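Asker: Fold the stuff below for me.
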Amino acid sequence: MSSWQRPDRGAIEAVVFDAGGVLLVPDGEAGRAALRGMGHESAAGDWLRAYHVSNLAQENWPDNNWPAARRELAGALGVPGDQLDAAGPLVEAVISAPWRAADGAAAVLASLAAGGYQLAIVSNSTGVVEQQLEGCGICSVSGTGMTRVAIVVDSCVVGVEKPDPRIFSFALDALQVAPGRCVYVGDTVRFDVTGARAAGLFPVHLDPFGLCAGDGDHAHIAALDELTHWLVPGQPG
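Answerer: The predicted structure is shown next:
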């Protein structure tokens, strides 16, 4: 965590997660194969960092510009400037394909649930995030064979997206927990920190590469297991 004042674990009843970039991450092997087709080599492990770099580039954009974001991601992978336009659709295809489970995601949710915390998901997505989370064995609303979450809120399904604070109301209603007793974990400032704070939740920014300069403005973690160190009794924070 950063030096930002975090609430006492006894004040927290629920943890709400973003999906993309937090519990699910781009398939680096698929990305590597896609760019190899245009003669550019990338390492599968570089894709997650490039995804976070492209997120950071978008923080101050006035509007969403997904083609530009994909070019940013390609540039972060070392694609030369004169090939960025050609790489953009290949990156888009990778980002639009099913993602894989983030390292440790299922274990962290299981630990938090075992520690007595209620869980929910709030994601800007395209109507498929609930199926992807279940397909990857991370969590499900039924809890069959994996950790149960109270609800998976998908912006495409509910018709409102982050940073609009109204999207968090669906999760709060399902959890029956006051917003001030909920932590929200996301991977962007623009959508996640801003939206969660406006809705009254305590925002935590997952920033695995230390790219965010706003350390004094909000809490950060570099890995999901920092949540269990903080919130689950018996593990050092």
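Asker: dump the residue contacts of H52.
Answerer: Listed by Cβ atoms under 8 Å, 6 or more residues apart in numbering, the contact partners of H52 are 21, 187, 207-209, 211. Just so you know, the C-beta spots here come from the backbone N, C-alpha and C atoms, and that holds for glycine as well.
Asker: residue ranges of the helices in the chain, please?
Answerer: For the chain, helices defined by DSSP state H occupy the ranges 28-36, 46-58, 66-76, 84-96, 105-114, 129-135, 155-158, 167-175, 194-199, 225-231.
Asker: Packing partners of the last one?
Answerer: Contact analysis of helix 225-231 by 3 or more Cβ pairs under 8 Å, 6 or more residues apart in numbering; DSSP states H and E lists helix 105-114, strand 182-186 as its packing neighbours.
Asker: how far is stretch 221-233 from where the chain is centred?
Answerer: 15 Å (Cα atoms, centre = their mean, to the nearest Å).
Asker: Just name the most buried of the helices and strands packed on helix 225-231.
Answerer: strand 182-186 (a mean of 26; mean count of other Cβ atoms under 10 Å).
Asker: nearest spatial neighbour of F202, skipping sequence neighbours?
Answerer: V183 (5.0 Å; Cβ to Cβ, 6 or more residues apart in numbering).
Asker: what's across from the one you found in the sheet?
Answerer: Beta-bridge partners of V183, counted by DSSP bridges, are V15, F202.
Asker: which residues does it contact?
Answerer: Contacts of V183 by Cβ under 8 Å, 6+ apart are 7, 12, 14-16, 201-204, 227, 231.
Asker: For the helices of the chain, could you give me TSV that also reports distance to T144 and mean pLDDT?
Answerer: Output for the helices of the chain, formatted as TSV (distance: least, Cβ to Cβ, whole Å; pLDDT from 0 to 100):
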stretch	distance to T144	mean pLDDT
helix 28-36	28	94
helix 46-58	29	92
helix 66-76	34	93
helix 84-96	28	93
helix 105-114	14	97
helix 129-135	9	97
helix 155-158	21	97
helix 167-175	18	98
helix 194-199	29	96
helix 225-231	23	93
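Asker: Many thanks, have a good one.
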